[in-house]
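1. Build me a structure from this.
(one chain, ligands or ions: 1)
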Amino acid sequence: EAPKPLAGKRAVITSGPTHEAIDPVRYIANRSSGRQGHAIAAALARLGAEVTLVSGPVTIADPAGVNVVHVESAREMLSAVEAALPADIAVMVAAVADWRAADSADQKMKKKPGEAPPPLQLVENPDILKTIGHHANRPRLVVGFAAETRDVAAYAADKLARKGADLIVANDVSKEGVMGGVRNQVMLVTKDGAEAWPDMDKAEVAEKLAAWIAKRF
Ligand code: C5P
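-> Presented below is the predicted three-dimensional model:
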């Protein structure tokens with residue numbers, strides 16, 4: 001039996017994209033495979049944590065040993081995360097859509113010959129990480145991710161403060177193969193500074209992050 005340093009601890013993880021309906025057949029979404037979030041959920045469970053994984057629509061399988069809640073939209077994702085509180089650990093990995101359609105149509109919008117395309121009005125979605133980072137029932141350890149294409153460390157430090165997180169795991173998604181791929185190169189940013197990890201498998205990032213988290217408990 002492997003040691004279970006997180007036995008008795010509860011963790012809630014978000015993973016994957018969210019889908020924001022425009023009408024019954026169309027949606028707005030971010031690109032996200034769910035690979036990194038799902039791997040983190042599995043790694044925390046292997047260390048003994050009781051894990052709730054709140055997943056947006058993905059094509060990968062539910063990880064073993066984890067309670068999975070499937071959601072579509074950002075608002076559903078936030079409700080599911082709040083329903084999983086109290087928790088000791090929150091790791092918000094999902095690529096949540098920042099905006100949703102102001103009104104989603106009940107019926108499929110029809111394209112009419114000769115008519116201009118309909119305008120798409122957007123409204124802001126809730127920021128799940130920020131909500132949890134400032135929650136009355138805030139988990140002791142709140143971790144966020146930051147997918148950036150430049151100035152990774154500076155944006156991550158800003159995000160740490162703004163979102164009320166204890167740790168931001170930042171990656172440079174301009175690097176080929178990170179988005180949708182199996183490898184990742186991350187930088188850990190806390191109030192005490194930044195630590196860059198070498199390029200590795202997303203599964204390995206998950207293992208090392210789970211170990212980093214376990215050390216904090
Ligand atoms: O602000 P930005 O989207 O770059 O922040 C990324 C971090 O915030 C990730 O941890 C992501 O899961 C989280 N996030 C969220 N809800 C949003 C937007 C981002 O939880 N609406």
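2. Tell me the confidence at Met179?
-> Per-residue confidence at Met179 stands at 68 (pLDDT).
3. Please identify the residues of the protein in proximity to the ligand?
-> Residues of the chain lying close to the ligand (CB under 6 Å from any ligand atom) are 14, 74, 92-94, 96, 98, 125, 127-129, 144-146, 159. Placement of C-beta: from N, CA and C, glycine included.
4. Could you pick out which of the residues you listed are located in helices?
-> Using DSSP state H, the members of those that fall in helices are Ala74, Ile128, Leu129, Lys159.
5. buried sites along the longest helix anywhere in the chain?
-> Counting by DSSP H, the longest helix found in the chain is helix 202-215. By 16 or more other CB atoms under 10 Å, the buried positions in helix 202-215 come out as Lys202, Ala203, Glu204, Val205, Ala206, Glu207, Leu209, Ala210, Trp212, Ile213, Ala214.
6. who wins for neighbours among the residues of the chain next to the ligand?
-> Neighbour counts for those (other CB atoms under 10 Å) peak at Thr14, which has 33 neighbours.
7. So for that one, what's the nearest residue that isn't a sequence neighbour?
-> Sequence neighbours aside, Ala94 is the residue nearest to Thr14 in space, at 3.7 Å (criterion: CB to CB, 6 or more residues apart in numbering).
8. Tell me the confidence at the residue nearest to Asp98 when sequence neighbours are not counted?
-> Leaving aside its chain neighbours, Asp98 sits nearest to Asn125 (6.0 Å; criterion: CB to CB, 6+ apart). At Asn125, the model reports a pLDDT of 98.
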